[in-house]
Every structure is written in structure tokens, then in C-alpha cells.
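>>> after the sequence you'll find the predicted model.
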Amino acid sequence: MKESLSALRVNGERLRANFETLAAIGATPDGGVHRPALSDAHLEARRWFLERAEQIGLDARVDGAGNHSAVLHCGREGGPTLLLGSHLDSVPYGGRFDGALGVLAALEVLQVVKEQGISLDTRLEAIDFTDEEGHLVNFVGSLALSGQLQPEHLQNPRGGRDRFQVALRLAGLSESSLFSAGRNPATIAGYLELHIEQGMRLIELGMQIGIVTSIVGIRSFKIRFIGRADHAGTAPMDKRLDAAQGASAFTLAARELVMKDFSGRVVNVGNMEFEPGAFNVVPQVVTVALEFRADDDDKLDEMEAALLRQASIDAQRFGLDLETEFLDSTPPAHMNDQVQETLANASKALGLKHTFLPSGAGHDAQSLARICPTGMIFVPSVGGFSHSSKEFTEWESCVDGANVLLHSALLLA
Ligand code: GLV
Ligand code: MN
Ligand code: MN
């Protein structure tokens, strides 16, 4: 890198002002944000992002999958694009940093490069992907852009087809428009994403920067335990076909099973819906939202078989019927070795202590890794909290991460 560029830094104050403004959109009283994909708050955050991009003098764009972009035409004519980004949606009642930091740092990098009038080989594009958090269809924006979206991905949205259709309509999208977002991989030079770690490892190791080596694979199912509604006061306990018993037994057994037979992998029952769902009615149906994660596809297959077998055992034990519905599967992804090296070099040049680590959280980088050189930068999460309003990263760490993003982008672009 040229001498003059090595002294370049992001404007931490400006980045912070953007961060605070964005965090006010969908803010919750306990200091988090509630911006599920394509909700009013999420759409407002996206409008704000485009306005901000235009104010800076960037080319604001939205593709058929609703991915929002700000483009800086700093590359050679007809050259490829280096993507920098993350997501502006949140899990329900989530934190302010997950996704937002990566998008705003990307915007800041473009602004710095523009101000300096730097010419690069590639264009730079700051991108906010649609539904990273899987409120509707997990990773739909990055799957669409990377040409991996298949009609099957849209068959069983996590929140049901009706909610998905309504959300698409309100956002001015449609199922067919999603497929128009695919890009030719030859036009993409790479993808970089800055994100909070969402765990404790960096802080425990005393490191300032994490360089992601791989991202975990994720699979999800809906599991329905089906019994019989009965009067909660008059039906004898031993005659009930209580769907909640099967669902609860399964939840406990799934934990034991994964801890015993799949050490280091994880399972989560994130929701249970009771039907009819009343104090005085024995539950007829309980639908369990099941997700499990592992670092390789074979392990995911083994976990799937073992967990579904366990659900069937628990259903039988309480005289229940069982229905299982596959929702989605995201394969694990390896981050590009050269990009990892570049991120390490940028960290070193900035005097930041770095280490290499795998990600147990899913990211859009997983989709991009299949079509272009991809890498991720982690910054420390205080207390390791994430997907909660307790999510917190020291501002200095956010700026460190943004500077690594800037310098890595300059090295790769
Ligand atoms: C995304 O944050 C995920 O790991 O679920
Ligand atoms: Mn995220
Ligand atoms: Mn998340």
C-alpha cells in the first residue's frame, strides 16, 4: 500500500453519529432494537441508509431481493466490484450492533475513499442484505445475489408463507423479483464483512481483532406434536394426549443428546406455539421451532437423524402423532485463505492484536463465499452477549474493526 494511504483512518465520530441515528430506528426501551426483516422499522432503517448514501454522493440502489446498496465509482471502467457489508435487520428484540456495525462501517469506508479521491481497480459497494436473521427466509438477500436462491427456499418460510407474501408486498418485492437479483460472479471481486464476535473468545484471549476461518452450518425444522384437546379440569391425567408433554420432553432430550453425542455442536428450541393455547385446555398441538448447527455437513446429517428419532420417541411416549417439516439448511463455509491473510496484514499494520477463529453464528458471508473471495472481521463483544439488548462492543473496538475493513478493502481493491 502507498505510504500516504497507510496513515488513512475512518472518521470514528462520524461513524458513531450514524450508528446512534440508526440505533434509534426500532429502538426498544432497554437499549436494543426491534427490526425484524421487512418490518416497518426495518424498512425505515433501509430508507435512512439510502438517504445517507445519497447525501454522501454515492449511487444508491435496491435490487429485486431488496438488498440496499451504496456504490462508489472509484474503480476502472468495466472493472469488478468489491462488496463490503452486513445487514440492517435484527432478531426480535435484538441488539444494536449485530449487522448494523458492518453496514455503517462499509458506508464510512466508501466515504473516506471518496473524500480522498482514491482511484482503485474495483468499485466499492456498501451493501445491506435482506433477512440475514431468517425472520422470513434465512439469508434470502445474499442467496439471491449469489445466484443460489432456489424456489424450494421459498416453500417453507420460517414464519409461514402468508407472512412472507405480505412482507414482500409491503416492501415492493415479489417472489419472482427475488430471482432477478443474481449477479455474475465475474463482476464481484470479493466480499468483506465486519461484525461483532457474539461470543467471549476475543476478550478471553486479550485480542482486538478476530479473523474468521469458517462459518457454521445451520439447519432448521418445525416439529409438530399432535395430541387431543381436552378439559383441563375433568380429563384424568393418565388419559390425556397432551402435546406439551411430548414437546417439553423433546426439548430436554435434545439438549442431552447434543451434549453427549455431538460435543461442540449446538441445538436450540427457539419457540413453541400452543394450540388452542388456553389455561383450561389440554394442548392439542405444540409446534416446536428447532435449529441446530455444526461445522460440517456430515455432522448436520447425523444430528438431523438423531434429533428426529428423538422427537419420534418422545411423541410415542405420550401417545402423540408427529409431523416434521424441513425449513432450511445453510452449509458451513470456509473463508478465503488469501483474504484471511490480507485481514491479518491489515491488522498488523494498524498495530492491532489479532487471532483466527471460526464463527458459530451464521452470516451472509456464507452465501458470498460460494461465488467470490470472502472474509470476515470480528471485534470483541463485551460479556459475549448477542441476539439480546445486552449486546455491547466498546466504541474503540468498533473503530478498530472499521479501520481493518478500510485497509483490507484498499489492499484487495
Ligand atoms: C444469525 O445471526 C444467526 O446466527 O442466526
Ligand atoms: Mn449478524
Ligand atoms: Mn444475528
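That came through fine. Ligands and ions are numbered 1, 2, ... in the order given.
>>> so which residues on this protein come close to ligand 1?
Counting by C-beta under 6 Å from any ligand atom, the chain comes close to ligand 1 at 133, 361, 362. C-beta: built from backbone N, CA, C; applies to glycine.
>>> which of these lies closest to residue 395?
Taking C-beta to C-beta as the measure, residue 395 lies nearest residue 361 of the residues of the chain next to ligand 1, at 21.4 Å.
>>> pretty sure that closest one contacts residue 384?
No. Residue 361 lies out of contact with residue 384 (C-beta atoms under 8 Å); the separation is 11.5 Å.
>>> which neighbours do these two share?
Residues touching both residue 361 and residue 384 by C-beta atoms under 8 Å, 6 or more residues apart in numbering: residue 198.
>>> pLDDT below threshold where in the stretch 1-150 of the chain?
By pLDDT under 70, the low-scoring segments of the stretch 1-150 of the chain are 1-3.
>>> redo that, cut-off 80
Where the stretch 1-150 of the chain drops to pLDDT under 80, the residues are 1-4.
>>> for it, what spans make up the helices?
For the stretch 1-150 of the chain, the helices defined by DSSP state H, counting those that start in this stretch occupy 3-6, 12-23, 40-56, 100-116, 140-145.
>>> pick the most buried one from these.
Comparing these by mean neighbour count (mean count of other C-beta atoms under 10 Å), helix 140-145 ranks first with a mean of 29.
>>> just checking that one against ligand 2, any contact.
No. On the criterion C-beta under 5 Å from the ion, helix 140-145 is out of touch with ligand 2, staying 11.3 Å away.
>>> contact partners of that helix?
63-67, 87, 129-132, 149, 153, 178-179, 181-183, 364, 366-368.
>>> buried members of the residues you listed into PyMOL, please.
Command for PyMOL that selects the buried part of the contacts of helix 140-145, burial taken from 16 or more other C-beta atoms under 10 Å:
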select buried, resi 63+64+65+66+67+87+129+130+131+132+149+153+178+179+181+182+183+364+366+367+368
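>>> any chance of the helices of the stretch 1-150 of the chain in CSV, plus distance to residue 330?
Listed next are those as CSV, based on distance: least, C-beta to C-beta, whole Å:
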stretch, distance to residue 330
helix 3-6, 36
helix 12-23, 26
helix 40-56, 21
helix 100-116, 18
helix 140-145, 9
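>>> for the one residue in the stretch 151-300 of the chain that gets nearest to ligand 2, name its beta-bridge partners.
Of all residues in the stretch 151-300 of the chain, residue 195 sits closest to ligand 2, at 5.7 Å by C-beta to the ion. Note on residue 195: beta-bridge partners residue 378, judged by DSSP bridges.
>>> for it, what are its contacts?
Neighbours of residue 195 in contact, by C-beta under 8 Å, 6+ apart: 86, 98, 99, 101, 102, 361, 363, 376, 377, 378, 379.
>>> now list the buried members of these.
With burial judged by 16+ other C-beta under 10 Å, the buried subset of the contacts of residue 195 is 86, 98, 99, 101, 102, 361, 363, 376, 377, 378, 379.
>>> can you get me a residue count around the residue of the stretch 51-200 of the chain at minimum distance from ligand 1?
Taking C-beta to the nearest ligand atom as the measure, the stretch 51-200 of the chain has residue 133 as its residue closest to ligand 1, at 5.6 Å. By other C-beta atoms under 10 Å, 22 other residues sit near residue 133.
>>> and the chain, which residues reach ligand 2?
Contact residues, the chain versus ligand 2 (C-beta under 5 Å from the ion): 98, 99.
>>> mind redoing it with 8 Å?
When proximity is defined as C-beta under 8 Å from the ion, the chain approaches ligand 2 at 86-87, 98-99, 102, 132-133, 195-196, 198, 361-363.
>>> please flag which of those sit within strands.
Judged by DSSP state E, the subset of these located in strands is 86, 195, 196.
>>> gap between the second one and residue 232?
This points to residue 195. 46 Å (C-beta to C-beta, to the nearest Å).
>>> likewise for the last one?
In this structure, residue 196 and residue 232 are separated by 45 Å, where distance is defined by C-beta to C-beta.
>>> please say which of those two ends up with more neighbours.
With neighbours defined as other C-beta under 10 Å, residue 196 and residue 232 compare such that residue 196 has more, 31 against 14.
>>> show me what contacts that one?
By C-beta under 8 Å, 6+ apart, the contact list for residue 196 reads 97, 98, 101, 378, 379, 380, 381, 386, 391, 393.
>>> correct me, but residue 129 touches residue 146?
No. In this structure, residue 129 is not within contact of residue 146 by C-beta under 8 Å, at 10.1 Å.
>>> can you tell me the element residue 248 falls in?
In the assignment (DSSP states H and E), residue 248 maps to helix 243-261.
>>> helices or strands up against that helix?
Applying 3 or more C-beta pairs under 8 Å, 6 or more residues apart in numbering; DSSP states H and E, we find helix 243-261 packed against strand 217-226, strand 266-275, strand 285-294, helix 297-317.
>>> what is the rounded mean pLDDT of it?
Mean pLDDT, helix 243-261: 98.
>>> pull out the buried residues from it.
243-251, 253-254, 257-258.
>>> now find how far off-centre stretch 319-326 is within its chain.
On the basis of C-alpha atoms, centre = their mean, to the nearest Å, stretch 319-326 sits 28 Å off its chain's mean C-alpha point.
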